[in-house]
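Participant: Need a 3D model of the sequence below.
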Amino acid sequence: MDELNLNNNQPNQPDHDRVVSDEQNITRIQLGDKELILIGTAHVSRLSALQVKEVIEREQPDTVAVELDEQRYQAVMGGNKWKDTDIFKVIKEKKSSLLLMNLAISSFQNRMAKQFDVQPGAEMIQGIESAKETGARLVLADRNIQTTFSRIWGNLGFTGKAQLLTSVVASIFSREEISEEEMEKMKSQDTLNAVLAEFTESFPRLKEPLIDERDQYLAEKLRTAPGRKIVAVLGAAHIPGITKEIHKTHDLKKLTAKPPKPVWPKVVGWAIPLLIIAIIAYTFMQNSGVALNQMLSWLLWNGSLAALGTIIAKGHPLAVLTAFIAAPITSLHPLLAVGWFSGLVQAYFSRPSVRDFEKLTEDVLSVKGFWQNKATRVLLVVVLGNLGSSLGTFIGGADIIRSFFQHIF
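Facilitator: Presented below is the predicted three-dimensional model:
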């Protein structure tokens, strides 16, 4: 449905189902007997929060919808209660990498806020507070951010995943200030879109899970929201897509389903260790001396590189020793990871304090802070230890195969 201006009425547009833009940043949609008032906000603008407050107080809606999911809502309302984080639980639930990525994105957001003296997401907080003040229902309208990450990840091959991680990390740890031109672009984007904007240009297929699917999800949540008058607080970039999708029915289960994991990683994950064990066993029957050298190569490459990753993460000496001992064993089992063991040892002997979690918001603003804070250091021990072990698996495995062909085959 095309957007109409009040000064340019189109008689062929049904009164019961139309889209009208009557104020700056405001889009009104009449959907049957339901009126939707979409506020297109700038996520880094002080004026957006003021407009949200004014519109909700004036309109007195039955429902206020905000572009947040449950996870981000809890973070906003709890002021990022990092001090309640159970670091042991994070490691055991295999969420170290996800938490580290969330902290990295938080770093980008906070750096932007500090440079321009703004509070990203202030308009969402205002929407929540105004809903409470006016007695309106609150609807969390956005898709879970982990689901969005999963669907983005599923659209990438190995090369794309490597480039994505490099791009995100580079943008987060860059010390260059954001230009006014870049800032203007970000005003119509949420944080996730802003971080991945440049990467989406290189990989156009990521636009679907990052933007198009979220437009559909947001539209369906608004279409089915309770009440006859709904005010929605949304990033301006989503408004065109929502006005297009609002008149359609969308399957939320389909939009929130995580993509099936490909079979080949499991096959490769089991095939490599079985191949290594088979080669060493066969070599042992042919030449025990060569087999012992192969075993030594496997132990040294895996153990040394896993330990090196832990050292780079500034891990505790016992965490480094754990990585060295465990890596050659965990590398032979796809369901185990050396970082879990070294991370638990790191957390035990260098336990993060409440102060470490309270300082996270400031510490993640710099690379130095990531390494200084005991909480993020545990996460780095897990991630870098696993990375070193993976590298050791490929190098050590290649050396064993080389030795097999050189001396046995």
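
Participant: going forward, measure contacts between C-alpha atoms and count neighbours the same way
Facilitator: Noted.

Participant: what sits against residue 351?
Facilitator: Residues in contact with residue 351, defined by C-alpha atoms under 8 Å, 6 or more residues apart in numbering, are 374-375.

Participant: one more time with 10 Å
Facilitator: With contacts defined as C-alpha atoms under 10 Å, 6 or more residues apart in numbering, the neighbours of residue 351 are 87-88, 344-345, 374-375, 378.

Participant: Next: residue 371.
Facilitator: By C-alpha under 10 Å, 6+ apart, the neighbours of residue 371 are 312-315, 363-364, 377-381.

Participant: Same list (those residues) but as JSON lines, adding secondary structure.
Facilitator: JSON lines is the format used below for these (DSSP: H, G, I helix; E, B strand; the rest coil):
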{"residue": "312", "secondary structure": "helix"}
{"residue": "313", "secondary structure": "coil"}
{"residue": "314", "secondary structure": "coil"}
{"residue": "315", "secondary structure": "coil"}
{"residue": "363", "secondary structure": "helix"}
{"residue": "364", "secondary structure": "coil"}
{"residue": "377", "secondary structure": "helix"}
{"residue": "378", "secondary structure": "helix"}
{"residue": "379", "secondary structure": "helix"}
{"residue": "380", "secondary structure": "helix"}
{"residue": "381", "secondary structure": "helix"}
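
Participant: Reformat those residues as CSV; add neighbour count.
Facilitator: As requested, the contacts of residue 371 are arranged in CSV below (neighbours: other C-alpha atoms under 10 Å):
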residue, neighbour count
312, 15
313, 23
314, 19
315, 30
363, 19
364, 26
377, 25
378, 35
379, 29
380, 25
381, 36
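
Participant: thinking again about what came up before, between the contacts of residue 351, which has the most around it?
Facilitator: residue 378 (35 neighbours; other C-alpha atoms under 10 Å).

Participant: Excluding chain neighbours, give the residue nearest to it in space.
Facilitator: Closest residue in space to residue 378, ignoring its immediate chain neighbours: residue 343 at 5.7 Å, by C-alpha to C-alpha, 6 or more residues apart in numbering.

Participant: Pretty sure that neighbour sits against residue 91.
Facilitator: Yes. If you go by C-alpha atoms under 10 Å, residue 343 and residue 91 touch, sitting 7.1 Å apart.

Participant: ok, residues contacting stretch 395-403?
Facilitator: The contact list for stretch 395-403, computed with C-alpha under 10 Å, 6+ apart, reads 272-273, 275-277, 279-280, 283, 290-291, 293-302, 305, 328, 389-394, 404, 406, 408-409.

Participant: Narrow these to those that are buried.
Facilitator: Burial by neighbour count, 16 or more other C-alpha atoms under 10 Å: within the contacts of stretch 395-403 this picks out 272-273, 276, 279-280, 283, 290-291, 294-295, 297-302, 305, 328, 389-394, 404.

Participant: any weak-confidence spans in this protein?
Facilitator: Where the chain drops to pLDDT under 70, the residues are 1-23, 42-46, 78-86, 94-120, 155, 157-205, 354, 357-358, 361, 364-365.

Participant: domains of the protein?
Facilitator: 3-256, 264-407 (automatic domain parsing).

Participant: now the end-to-end length of the shortest one.
Facilitator: Yep, that's domain 264-407 we're talking about. One end of domain 264-407 to the other measures 31 Å (C-alpha to C-alpha, to the nearest Å).

Participant: Check the offset of it from the chain's centre.
Facilitator: On the basis of C-alpha atoms, centre = their mean, to the nearest Å, domain 264-407 sits 24 Å off its chain's mean C-alpha point.

Participant: For residue 387, which residues are in contact?
Facilitator: By C-alpha under 10 Å, 6+ apart, the residues touching residue 387 are 305-306, 308-310, 337-339, 381, 393.

Participant: which one of the residues you listed is nearest residue 49?
Facilitator: Checking those against residue 49 with C-alpha to C-alpha, the nearest one is residue 381 at 39.7 Å.

Participant: picking that back up, export the contacts of residue 351 to JSON lines and tack on secondary structure and distance to residue 249?
Facilitator: Listed next are these as JSON lines, based on DSSP: H, G, I helix; E, B strand; the rest coil; distance: C-alpha to C-alpha, whole Å:
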{"residue": "87", "secondary structure": "helix", "distance to residue 249": "41"}
{"residue": "88", "secondary structure": "helix", "distance to residue 249": "42"}
{"residue": "344", "secondary structure": "helix", "distance to residue 249": "47"}
{"residue": "345", "secondary structure": "helix", "distance to residue 249": "50"}
{"residue": "374", "secondary structure": "helix", "distance to residue 249": "48"}
{"residue": "375", "secondary structure": "helix", "distance to residue 249": "44"}
{"residue": "378", "secondary structure": "helix", "distance to residue 249": "45"}
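
Participant: Where does the residue nearest to residue 378 sit, in terms of helix or strand?
Facilitator: helix 338-349 (DSSP states H and E).
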